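Novice: missing the sequence, but the structure's below:
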């Protein structure tokens with residue numbers, strides 16, 4: 001298993017341990033995983049609006065919290081034994097909406113500052129994120145596991161958050177564009193190597 005994947009799995013296990021107390025509380029309150037998923041989207045939309053307003057530090061904190069609900073809803077579903085195909089579909093779809101809205105807000109911010117080249121890099125970063133998610137989903141329909149890479153969703157969230165909170169948004173977006181496209185390429189190569197093709 002690649003080092004990045006091992007680190008990611010270790011971090012997820014640690015986070016799951018920390019999240020178990022609130023998960024048990026949510027189970028007692030009969031809060032559904034889908035409600036948590038929708039709450040995460042609403043927070044992501046709020047974070048995007050804060051970017052448009054120029055409140056970047058607050059936006060970064062809210063976006064990180066919104067994204068943490070993505071781990072919480074899955075853990076809640078498993079703990080409450082409410083894992084459903086629709087829940088998994090909704091979670092994935094709303095993740096894309098929240099992330100896409102954040103990229104749109106960042107593009108708007110750069111456009112308002114007259115930074116046309118930065119807007120184009122935001123579009124490339126968003127394309128890389130979409131391709132990273134799509135290649136995994138498409139590979140799984142072919143019976144393949146296609147996780148990993150240097151910039152899967154958790155890493156993208158952390159880079160966006162760091163850019164907003166630390167005031168290095170432009171630098172973060174450039175790095176994110178490169179790493180996201182690289183990750184998509186890694187996954188395409190992995191699928192190519194795993195399937196019989198005409199060569």
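Specialist: On my side now, so go ahead. If you're wondering where the values come from, they're calculated on a predicted model, not measured in any experiment. Residues are numbered from 1 along each chain as shown.
Novice: next helix or strand past the lengthiest helix in the chain?
Specialist: Using DSSP state H, we find that the single longest helix of the chain is helix 85-112. Next along the chain after helix 85-112, taking DSSP states H and E as the criterion, comes helix 116-141.
Novice: elements contacting that following helix?
Specialist: helix 85-112, helix 153-166, helix 169-194 (3 or more C-beta pairs under 8 Å, 6 or more residues apart in numbering; DSSP states H and E). To be clear about C-beta, it is placed using only N, CA and C from the backbone, and glycine gets the same treatment.
Novice: now find how far off-centre stretch 29-47 is within its chain.
Specialist: 15 Å (C-alpha atoms, centre = their mean, to the nearest Å).
Novice: that should have said stretch 76-88, apologies.
Specialist: Chain-centre distance of stretch 76-88: 19 Å, with C-alpha atoms, centre = their mean.
Novice: per-residue confidence averaged over stretch 10-27?
Specialist: What stretch 10-27 shows for mean pLDDT is 76.
Novice: picking that back up, mind putting the helices and strands packed on helix 116-141 into JSON lines with distance to residue 44 and mean neighbour count?
Specialist: Shown next, in JSON lines, are these (distance: least, C-beta to C-beta, whole Å; neighbours: other C-beta atoms under 10 Å):
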{"stretch": "helix 85-112", "distance to residue 44": "3", "mean neighbour count": "17"}
{"stretch": "helix 153-166", "distance to residue 44": "10", "mean neighbour count": "20"}
{"stretch": "helix 169-194", "distance to residue 44": "16", "mean neighbour count": "18"}
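Novice: among those, which is nearest residue 19?
Specialist: Within the helices and strands packed on helix 116-141, the stretch nearest residue 19 is helix 153-166; the backing value is 14.2 Å (C-beta to C-beta).
Novice: what is the orientation angle of that closest one with helix 169-194?
Specialist: 170 degrees (axes from the mean of the first three to the mean of the last three C-alpha atoms, to 10 degrees).
Novice: now stretch 63-76: average pLDDT?
Specialist: 86.
Novice: please give me every residue in contact with the residue minimising distance to the centre of the chain.
Specialist: In the chain, the centroid-proximal residue (C-alpha atoms, centre = their mean) is residue 153; its distance is 3.3 Å. Contact analysis of residue 153 by C-beta atoms under 8 Å, 6 or more residues apart in numbering lists 67, 70, 95, 99, 129, 132-133.
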